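J.: Got a predicted model here, sequence first, then my questions.
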Amino acid sequence: MALASDLAPCDDLVCRFGKLGTGYGTGRLEVGSGNSGRRPVAYGSNARLHRGLYGLKQAPRAWFHRFSAFLFATGFSCSRIDSSLFVLSKGADLIYLLLYVDDIVVTSNNSVLLNAFISKLSKEFATKDMGSLIYFLGLEEHRTSSGLFISQAKYAHEILQRAKLVDSKPMSTPMVVAHHLSTDGPDFDDPSLYQSLVGSLQYLTITRLDLAHAVSAVSQYMHKPSLCHFQAVKQILRYIKGTLRYGLSFTPSSSCNILAYSDADWAGRPDTQRSISGYAIYLGDNLVSWHSKNNRLCLIQAMNPNTERLPALLSKSSGLVIFFVISR
């Protein structure tokens, strides 16, 4: 596991990045044999094959159990919102640890507490220094004078390269507002390319709220895309070409108020008469959550499509309140 320390946007906040260096072999793992509880006897050259099929099939689960057990013994608790997020609270001091397979990000407002935890972690798992946290799971971190800026410029450029649109003319909007997609039109001759590009765009919406609605619209036709749908994807990509450096900005805020917005396009899908609705939630001055998707029902459309998204919006906001209260 590699660790790197660096100062976060706030002067009293320290951030560290970790990565498991030797795979699932690090640490003491108790790996089960399989779903049936039995493992076939292996002879000769078949031994490695049987071990790969039966002996290590539970390795990811065993590794997560091993690492989380260590965190629980140290005093961490698992977040109710995200099972990969762990929180340690000691009075006014906090440590947040985010785990993704063999990558971790640790943040704390107390450098002494964090160093003590890192020292304990190093005794349990092999560690090495990798430098400052700059790139994590396709997310680029940039420090500014006012806070933290996160983008996916490199990842977006790779999508443009795959679509062969690096030299294309940029567009000013990701989608024409009055243009509603439908199932009409000739089929696109390379559906795997369509599915690959749209799947990549879905991951790009992690930092690009401006793409959420357009990507949600083209995602409805993954099973059978048409030429019209692919043209819509190309417009999104050409819009990305002109906004490659867009991302999320986080700044220190004295306000802890939660403010949520919701909207819908009123039966924007001609095929089903359903609306595509979405919401955006702010914690203080920072955007922390957003979503865009098809409404499940069309019976409410005659009244107001926003009413269907209200329970999900309230649920998400309540989750943020719970997480904030636990953190405090």
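T.: That came through fine.
J.: switch to C-alpha atoms for all contacts and neighbour counts from now on
T.: Noted.
J.: how about the helices in the stretch 1-150 of the chain?
T.: Counting by DSSP state H, counting those that start in this stretch, one finds helices in the stretch 1-150 of the chain at the ranges 47-50, 59-74, 111-124.
J.: Reformat the ones you listed as CSV; add distance to Ser182.
T.: Formatted as CSV, these follow (distance: least, Cα to Cα, whole Å):
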stretch, distance to Ser182
helix 47-50, 48
helix 59-74, 41
helix 111-124, 53
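J.: want to try TSV for those helices, with mean pLDDT and distance to Leu197 as columns?
T.: Converted to TSV, the helices of the stretch 1-150 of the chain look like this (pLDDT from 0 to 100; distance: least, Cα to Cα, whole Å):
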stretch	mean pLDDT	distance to Leu197
helix 47-50	49	35
helix 59-74	83	28
helix 111-124	84	39
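J.: closest one to Leu227 among these?
T.: Ranking those by proximity to Leu227 (Cα to Cα) places helix 59-74 first, at 40.7 Å.
J.: got the angle between the closest one and helix 111-124?
T.: Per axes from the mean of the first three to the mean of the last three Cα atoms, to 10 degrees, the angle that helix 59-74 makes with helix 111-124 is 130 degrees.
J.: Go through helix 59-74 and flag the buried ones.
T.: With burial defined by 16 or more other Cα atoms under 10 Å, the residues of helix 59-74 counted as buried are Ala59, Pro60, Ala62, Trp63, Phe64, Phe67, Ser68, Leu71.
J.: Quick one: closest of the helices of the stretch 1-150 of the chain to Leu237.
T.: The minimum distance between Leu237 and these falls on helix 59-74, with 35.3 Å, by Cα to Cα.
J.: Return the closest of the buried residues of helix 59-74 with respect to Lys234.
T.: Pro60 (37.5 Å).
J.: Where does the record place the domain boundaries for this protein?
T.: Domain segmentation of the chain under automatic domain parsing yields 2-132, 150-242, 253-327.
J.: May I have the residues that are in contact with Val233?
T.: Taking Cα atoms under 8 Å, 6 or more residues apart in numbering as the criterion, Val233 is in contact with Leu197, Val198, Val215, Val218.
J.: Between the residues you listed, identify the one with the most neighbours.
T.: Using other Cα atoms under 10 Å as the neighbour criterion, Val215 leads the contacts of Val233 with 25 neighbours.
J.: wait, doesn't it sit right on Leu204?
T.: No: counting by Cα atoms under 8 Å, Val215 stays clear of Leu204, with 9.5 Å between them.
J.: which element follows the helix or strand encompassing Phe230 toward the C-terminus?
T.: In the assignment (DSSP states H and E), Phe230 maps to helix 227-242. Once the chain leaves helix 227-242, the next helix or strand it forms, by DSSP H and E, is strand 247-250.
J.: Within the sheet, what are the partner strands of that next one, with directions?
T.: Strand 247-250 has its sheet partners listed here by DSSP bridges as strand 148-151 (antiparallel).
J.: Please report the distance of Ser219 from Leu113.
T.: Counting by Cα to Cα, to the nearest Å, the separation of Ser219 from Leu113 is 45 Å.
J.: likewise Leu160?
T.: Using Cα to Cα, Leu160 is found at 43 Å from Leu113.
J.: okay, the two: which has more neighbours?
T.: Using other Cα under 10 Å as the criterion, Leu160 and Leu113 rank with Leu160 on top: 19 against 15.
J.: What count of nearby residues applies to the residue nearest to that one when sequence neighbours are not counted?
T.: With sequence-adjacent residues excluded and distances taken as Cα to Cα, 6 or more residues apart in numbering, Leu160 is closest to Val166, at 5.2 Å. Using other Cα under 10 Å, Val166 is surrounded by 16 other residues.
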